[in-house]
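> Can you look at this prediction? I've put the sequence above it.
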Amino acid sequence: MKDFFVHETSIIDIGCTIGRGTKIWHFSHIMSNCQIGESCNIGQNVVVSPEVVLGNNVKVQNNVSIYTGVICEDDVFLGPSMVFTNVINPRSAINRRDEYMKTIVRKGATIGANATVVCGNDIGEYALIGAGAVVTKAVPPYALLVGNPAKQIGWVSEYGHRLDFDNSGMATCPESNQKYLLENNKVNKTT
């Protein structure tokens, strides 16, 4: 008996590993040799391509395609209709399956609705990519990016609140009261 839920309209190919408590909703296709962690939620009309790795508690909203080469660590949120790519110069007449690039979305990161992540650009821990942004370069941990091409406009806490740093480089999350230090253009949680 399986310890995860799959809607009857979804397809799970052979060789997948799916963790306890994961839910896979309507019209989704989980392709061969994927690894999906525990307590994930895979929305409607999602495609998870071969050999994709999703950590625990990953939330994938409706209409997302996660292509081979993508790795999402624990607690990642992928917004509705966001897009990954896996080939930098695709051509219909040229097979580039051996050129798939890796993209890693680190723990706790959020990618907003309709955003695009160009392959090979990792997303740092707890970064927040705004809706519709187009990511064309690596994203630092805790960074807040918006626009096309995506530009960093600030920093966010692990709870997703914008951080306002004082003259000493310290900021406090208004929800969690966790403290953060901005030093040498890098953010670290201190408590």
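Perfect, I can see it now.

> rest of the way, CA atoms for contacts and neighbours
Fine.

> Give me the number of neighbouring residues for residue 114.
19 (other Cα atoms under 10 Å).

> For it, give me the backbone phi and psi.
phi 60, psi 10 (degrees, to the nearest 10).

> Likewise for residue 77?
Dihedral angles (degrees, to the nearest 10) for residue 77: phi -120, psi 120.

> Count the residues that sit near the residue nearest to residue 87 when sequence neighbours are not counted.
Residue nearest to residue 87 in three dimensions, not counting chain neighbours: residue 100, with 5.3 Å by Cα to Cα, 6 or more residues apart in numbering. Residue 100: 17 surrounding residues under other Cα under 10 Å.

> now swap in residue 107 and tell me
Residue 107: 22 neighbours (other Cα under 10 Å).

> now residue 127
Residues near residue 127, counting by other Cα under 10 Å: 27.

> Touching, it and residue 138? I think so.
No: judged on Cα atoms under 8 Å, residue 127 makes no contact with residue 138 at a distance of 10.8 Å.

> For this structure, identify the residue most remote from the centre.
In the chain, residue 167 marks the outermost C-alpha relative to the chain mean, sitting 32.2 Å out by Cα atoms, centre = their mean.

> if I look at the closest residue in space to residue 19 that isn't next to it in sequence, how far off is residue 113?
Using Cα to Cα, 6+ apart and skipping the chain neighbours, the partner closest in space to residue 19 is residue 38 (4.0 Å). Here residue 38 is placed at a distance of 23 Å from residue 113 (Cα to Cα, to the nearest Å).

> Tell me which residues touch residue 152, please.
By Cα atoms under 8 Å, 6 or more residues apart in numbering, residue 152 lies in contact with 143, 144, 145, 146.

> what are the bridge partners for it, then?
Applying DSSP bridges to residue 152 yields these beta-bridge partners: residue 145.

> One more: residue 129?
Residues in beta-bridge contact with residue 129 (DSSP bridges): residue 111, residue 145.
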